[in-house]
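Student: Below: sequence and its predicted model.
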Amino acid sequence: MGNLKVTQVKSIIKTLETHKRTIKALGLGRPNYFKILPENAQILGMIDKVKHLVKVEKLAE
C-alpha cells in the first residue's frame, strides 16, 4: 500500500483511557510528535479511533 505520516496535534490529557493506549500503540505521546507507519488495516483502524487527536499525511513512494 504505502506509508503514512501520523502527527499528534492534541494532548491526551482528559481523554479516554482507550484513546491514550491507542496513541501509545501508534508510537506517539506528545503533541507535534510524528511517526512514519505502514498503511494497513490495523493502523488505519487505530487512526480512525483517535482521528480527533492526530493529523495524517500520505507519503509518496
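Tutor: Thanks, I have it.

Student: Now do the contacts for G27.
Tutor: Residues counted as contacts of G27 (Cβ atoms under 8 Å, 6 or more residues apart in numbering) are 35, 37. (C-beta placed from N, C-alpha, C; glycine too.)

Student: try 10 Å this time
Tutor: 6, 8, 33-37 (Cβ atoms under 10 Å, 6 or more residues apart in numbering).

Student: ok, now T22?
Tutor: So T22 contacts 12, 15-16, 28, 45-50, 53-54 (Cβ under 10 Å, 6+ apart).

Student: how deep is M46 tucked in, by neighbour count?
Tutor: Around M46 there are 18 other residues, counting by other Cβ atoms under 10 Å.

Student: Same check on L26?
Tutor: 20.

Student: ok, it touching V50?
Tutor: Yes. Taking contacts as Cβ atoms under 10 Å, L26 lies within contact range of V50: 7.6 Å.

Student: Return every residue with contacts to both of those two.
Tutor: Shared contacts of L26 and V50, counting by Cβ under 10 Å, 6+ apart, come down to 6, 8.

Student: still on that earlier bit, of the contacts of T22, buried ones?
Tutor: The neighbour-count test (16 or more other Cβ atoms under 10 Å) marks 12, 28, 46-47, 49-50, 53-54 as buried among the contacts of T22.

Student: Report the two of the residues you listed separated the most.
Tutor: I12 and I47 (14.6 Å; Cβ to Cβ).

Student: which residues in the protein form helices?
Tutor: With DSSP state H as the criterion, the chain has helices at 17-25, 41-49.
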